[in-house]
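>>> let's see this in three dimensions:
(one chain, ligands or ions: 1)
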Amino acid sequence: MKSISAKWVFTCDENNSIIENGAIVYDKKIIDIDTLENIQKKYPNLETTILEDNSVLMPGLINTHVHLEFSSNSTTLKYGNFMLWLNSVIASRDELINKATKKLILKKLDKMKKSGTTTIGAISSYGFDMEACLESPINTVFFNEVIGSRPDMIDTLFTDFKSRLEKSKKNKNESFYPAIAIHSPYSVHPILIKETLIIAKEENLPVSAHFLESVEEYDWLHKDEGGFTEFFKNFLGQEKAVTKPMNFLNQFDGISNLSFTHCVEASDDDLSKIKSLNAVINHCVTSNRLLNNTKLDLSRINEADFAIGTDGLSSNNSLSMFDEMRNVLMMHSDFEINSFAKKILKASTVNAARALGLNKGILAKQKDSDIIAINLPDELAHKQDLATHIILHTKYVKKTIIGGKDV
Ligand SMILES: [Zn+2]
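Residues are numbered from 1 along each chain as shown. From the prediction side, this is the model:
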């Protein structure tokens, strides 16, 4: 059992409680949380690590959506338009994947840890990122992705998916959890979706899918036209979309931990359905800016919860959640900054934990001890603005605790 204290403890609980001169008693899970004074009275024999003057303790950050297999990209891919980007991915995919070695991915994971991330939702297309995720102290929800819309390929693709899923299940441990990703409504055949979701339900695995990321996707799914037409004709010999957006969403009834990524072009009906599925929307604001020059209208999501993902380095210049949270804060200039900053911190912790099915994201008794310590550059004048200053002033954390261990 250990104890740690900071000037500020930002709990991310339902009341956004902030404890001044707070302390946390923990081992693998949080045992107690209160003011330092009360903790010292209750646990007189327990020595507390007292952090420096302007320190803050908060839950470790959870990046719900990242593609580590594309970690080698920096200046290769084309931005500005979804089709240009997609074609550039196809042209450079092999080269980028080959360059994303275990060593490189571990380096990126270490940088993510230093910038406050304690858990990721890793979308794995090939399984090439599994070993790095297993070696890193960061918790991973490992989303084995299924993709493929050609009917003649269903069996092969399903067999490949199942073998990757099995491998991740064999490696399951207290910081590595197997999960399922359905690539998108346009790229996965309905039979494949059905079969993979049967497995997800039977084994109660978290599920995530990309959904309505671009105008091209909207035009193709709704009208079988637009920027995707040529692409599907040339690459896959298809002239019609395999599913409609609402038919796609309807298939996810009964999944407990569900998230949809992007949703920037989702209709009001789609967004209501997402809310009724109790799904979380993974918001990737930088990726959407780079690829489509659009952003999710957060005022339209009908109180559905949103989480924050960096997406991969294929569509971001950084995997730091603090960089991404600053971008969310700046891109949504229509919201009052201090209340929105609190929402962003909850999106990156408690909402994200729900999307991934984890007992994390809040500093409260019985929650997993995933805690980060940061330092504000000066004394905080207004307690109610703490969230804003955490987001504005943090590049790297001072300390990271995962599952009760200093890492
Ligand atoms: Zn993605």
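>>> for residue 115, give me phi and psi.
Main-chain dihedrals, residue 115, degrees, to the nearest 10: phi -100, psi 30.
>>> tell me the contacts of it?
Contacts for residue 115 (C-beta atoms under 8 Å, 6 or more residues apart in numbering) come out as 319-323, 395-397. The C-beta positions use only the backbone N, C-alpha and C, and glycine is treated the same way.
>>> repeat that with 7 Å
Applying C-beta atoms under 7 Å, 6 or more residues apart in numbering, we find residue 115 in contact with 320-322, 395-397.
>>> go on, residue 50?
residue 5.
>>> and it, backbone torsions?
According to degrees, to the nearest 10, residue 50 has phi -100, psi 120.
>>> okay, and the beta partners of it?
residue 5 (DSSP bridges).
>>> and the gap between it and residue 6?
8 Å (C-beta to C-beta, to the nearest Å).
>>> poorly predicted segments of the chain, please.
Judged against pLDDT under 70, the chain has no low-scoring part.
>>> sorry, back to before: filter the contacts of residue 115 down to the ones in helices?
Counting by DSSP state H, the part of the contacts of residue 115 found in helices is 321-322.
>>> for PyMOL, write a command that selects the buried ones of the contacts of residue 115.
This is the PyMOL syntax for the buried subset of those, where burial follows 16 or more other C-beta atoms under 10 Å:
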select buried, resi 320+321+322+397
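>>> contact partners for the residue nearest to residue 146 when sequence neighbours are not counted?
Excluding the flanking residues, the one nearest residue 146 by C-beta to C-beta, 6 or more residues apart in numbering is residue 161, at 4.5 Å. Contact analysis of residue 161 by C-beta under 7 Å, 6+ apart lists 144, 146, 196.
>>> residues contacting the first one?
To tie it back to what came earlier, the one meant is residue 144. Contacts of residue 144 (C-beta under 7 Å, 6+ apart): 124, 161, 164-165, 168, 178, 180-181.
>>> let's go with 10 Å and repeat that
The contact partners of residue 144, by C-beta atoms under 10 Å, 6 or more residues apart in numbering, come to 122-127, 130, 160-169, 178-181, 196, 199, 205.
>>> okay, the contacts of residue 115 in TSV with distance to residue 246 next?
Formatted as TSV, these follow (distance: C-beta to C-beta, whole Å):
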residue	distance to residue 246
320	36
321	32
322	37
395	42
396	44
397	42
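>>> residue 309: which of the contacts of residue 115 is nearest?
The closest of these to residue 309 turns out to be residue 321 (C-beta to C-beta; 9.1 Å).
>>> return the set of buried residues in stretch 177-192.
For stretch 177-192, a neighbour-count test (16+ other C-beta under 10 Å) marks 177-190, 192 as buried.
>>> measure how far it is from the centre of its chain, please.
17 Å (C-alpha atoms, centre = their mean, to the nearest Å).
>>> okay, how far is it across it, tip to tip?
22 Å (C-alpha to C-alpha, to the nearest Å).
>>> still on that earlier bit, overlap in contacts of residue 50 and residue 6?
Residues touching both residue 50 and residue 6 (C-beta under 10 Å, 6+ apart): 21, 23, 36.
>>> for the spatially closest residue to the first one that is not a sequence neighbour, what are its contacts?
The reference is to residue 21. Distances taken as C-beta to C-beta, 6+ apart place residue 36 nearest to residue 21, at 4.9 Å, with adjacent residues excluded. The neighbours of residue 36, taking C-beta under 10 Å, 6+ apart as the test, are 3-7, 9, 19-24, 48, 50.
>>> right, I'll call it a day here.
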